[in-house]
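Student: model this:
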Amino acid sequence: MVTAIVLIDVERGKVNSVAESLVDLPGVAEVYSVSGRYDLVAIIRVKTNEEMANLITARMQAQESITNTETMLAFRTYSQHDLEVMFSLGTED
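Tutor: You can find the predicted model right below:
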């Protein structure tokens, strides 16, 4: 599994529509609207680097309202959430 974090700049007034269209793309796991330097952060999870390249360079950047992106490939995942899910298997709420 290849994971990337994509930081996205969007034209003014287009954040919601771009976020909604991005989350519909296969491979886009989550999209967050955020404060700070960027408008959106997308979490991408795909099987291969080729899928990643196609998703970001062809599908995401084809959206006219996206003005700039910065992509960071993830090397390792450290997540308390994943541990909680593992240890809760078989338990009832």
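Student: was I right about Ser21 contacting Gln63?
Tutor: Yes. Using Cβ atoms under 8 Å, Ser21 makes contact with Gln63 at a distance of 6.4 Å. To be clear about C-beta, it is placed using only N, CA and C from the backbone, and glycine gets the same treatment.
Student: Do a quick rundown of the strands in the chain.
Tutor: For the chain, applying DSSP state E gives strands covering 2-10, 28-33, 40-46, 66-73.
Student: got those as a markdown table, with mean pLDDT columns?
Tutor: Supplementary listing: the strands of the chain in a markdown table, determined by pLDDT from 0 to 100:
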| stretch | mean pLDDT |
| --- | --- |
| strand 2-10 | 96 |
| strand 28-33 | 97 |
| strand 40-46 | 97 |
| strand 66-73 | 95 |
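Student: Format the ones you listed as JSON lines; extra columns: mean neighbour count and distance to Asn16.
Tutor: Formatted as JSON lines, those follow (neighbours: other Cβ atoms under 10 Å; distance: least, Cβ to Cβ, whole Å):
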{"stretch": "strand 2-10", "mean neighbour count": "19", "distance to Asn16": "9"}
{"stretch": "strand 28-33", "mean neighbour count": "15", "distance to Asn16": "8"}
{"stretch": "strand 40-46", "mean neighbour count": "19", "distance to Asn16": "10"}
{"stretch": "strand 66-73", "mean neighbour count": "14", "distance to Asn16": "13"}
